[in-house]
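Asks: Pasting a predicted model and its sequence here:
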Amino acid sequence: QSESSKMAATLKPYLQAVRATLTAGMCLENFESQVVERHNKPEVEVRSSKELVLTPVVVSRNEKERVQIEGSINSIRVSIAIKQADEIEKILCKKFMRFMMMRAESFFILRRKPVEGYDISFLITNFHTEQMYKHKLVDFVIQFMEEIDKEISEMKISLNARARIVAEEFLKNF
């Protein structure tokens with residue numbers, strides 16, 4: 001078997017587990033704040049009442065790649081730790097996530113800051129599930145997880161190719 005088909009074989013059950021957990025946790029409803037009148041804040045963020053927040057679920061492929069899904073009555077927070085094999089991938093991942101988070105308002109469910117220990121976080125509220133299809137929101141998160149590894153790998157290959165060209169040009173002088 002080729003390397004990519006082995007990776008796809010291990011990625012598929014991981015993504016299926018994330019999809020099943022997200023789908024189960026997507027049962028969100030409108031819920032007014034119990035503390036402040038006429039306020040509706042994502043309970044997963046404000047944590048005003050512990051009975052409204054579910055126990056977080058971590059789906060892990062390995063120690064570096066994992067997804068934490070935190071549910072509550074009116075919101076769900078999905079935090080993703082992306083595989084980073086070496087320093088170059090860490091730098092590329094950090095820069096790419098920063099680029100994405102600066103454009104968070106374009107991705108309605110993207111948080112500006114990730115949860116501690118994770119690279120990127122999504123916040124899905126009951127308003128998102130009322131305006132958008134739940135299965136499409138789940139599909140978006142899963143597709144994001146599939147594509148992010150490919151993007152970082154492609155950026156790394158491109159970076160290495162550019163570095164090789166620069167090194168060749170530099171060494172022509174000697």
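Replies: That came through fine.

Asks: Could you tell me which ranges of this structure sit under the pLDDT cut-off?
Replies: Across the chain, the stretches falling below the confidence threshold (pLDDT under 70) are 1-8.

Asks: Just to be sure, residue 114 is in a helix?
Replies: No - remark: residue 114 does not belong to a helix; assigned using DSSP: H, G, I helix; E, B strand; the rest coil, it is coil.

Asks: these two touch, right, it and residue 79?
Replies: Yes - in this structure, residue 114 sits in contact with residue 79. The criterion is Cβ atoms under 8 Å, and the distance is 6.2 Å. Placement of C-beta: from N, CA and C, glycine included.

Asks: Now do the shared contacts for those two.
Replies: With contacts defined as Cβ atoms under 8 Å, 6 or more residues apart in numbering, the residues shared by residue 114 and residue 79 are 120, 121.

Asks: more crowded one of these two?
Replies: It is residue 79, of residue 114 and residue 79, that has more neighbours when counted by other Cβ atoms under 10 Å, with 22 against 17.

Asks: so that one bridges to which residues?
Replies: Residue 79 forms beta bridges with residue 68, residue 121, as assigned by DSSP bridges.

Asks: gap between it and residue 27?
Replies: Remark: distance between residue 79 and residue 27 (Cβ to Cβ, to the nearest Å) = 19 Å.

Asks: try residue 116
Replies: Separation of residue 116 from residue 27 (Cβ to Cβ) stands at 26 Å.

Asks: so where do the strands sit in the protein?
Replies: 57-60, 66-71, 75-81, 120-125 (DSSP state E).
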